[in-house]
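Trainee: Give me the fold of what follows.
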Amino acid sequence: MEATKKVPRVLVVEMNTGQMVKDVKLSVAAGTEVYLLPFPGGALPVPSLVLPKIKSILKGMVCGAKGVFSPQLS
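Mentor: Sure, this is the predicted structure:
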């Protein structure tokens, strides 16, 4: 929790549908925004799919509902 006192946002990149994001939300400082980028089904979180999410968070334009962003996997 101490580390997130100076961090306004945290991105959780998971190779599942969000099981770990709940634990992250419980362990960050109050007021820290937590975003999820799920990669279900064994899809690998590659930079070309993670970077757009980081950019959207930094610009304040979050894609998806409740901080959840589902990338288009081809």
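
Trainee: From now on I want contacts and neighbour counts done on CA atoms only, so please keep to that.
Mentor: Will do.

Trainee: what pLDDT does residue 51 get?
Mentor: Note on residue 51: pLDDT of 94.

Trainee: ok, so what distance separates the closest residue to residue 14 other than its chain neighbours from residue 49?
Mentor: Counting by C-alpha to C-alpha, 6 or more residues apart in numbering, residue 38 is the residue found nearest to residue 14 once chain neighbours are left out, at 5.0 Å. From residue 38 across to residue 49, the span is 11 Å (C-alpha to C-alpha, to the nearest Å).

Trainee: Please say which of these two ends up with more neighbours.
Mentor: Set residue 38 next to residue 49 and count neighbours by other C-alpha atoms under 10 Å: residue 38 wins out with 22 against 16.

Trainee: I'd say that one and residue 21 touch.
Mentor: No: here residue 38 does not reach residue 21: they are 9.5 Å apart, not a contact under C-alpha atoms under 8 Å.

Trainee: Run the chain-centre distance for stretch 6-15.
Mentor: The chain centroid and the centroid of stretch 6-15 are separated by 5 Å under C-alpha atoms, centre = their mean, to the nearest Å.

Trainee: can you offset everything so residue one is 22?
Mentor: All right, first residue 22 from here; so that's stretch 27-36.

Trainee: Run through who's touching that stretch.
Mentor: Residues outside stretch 27-36 that contact it (C-alpha atoms under 8 Å, 6 or more residues apart in numbering): 41-42, 45, 52-66, 71, 75.

Trainee: Filter the residues you listed down to the ones in strands?
Mentor: Among the contacts of stretch 27-36, the members found in strands (DSSP state E) are 54, 55, 56, 57, 58, 59.
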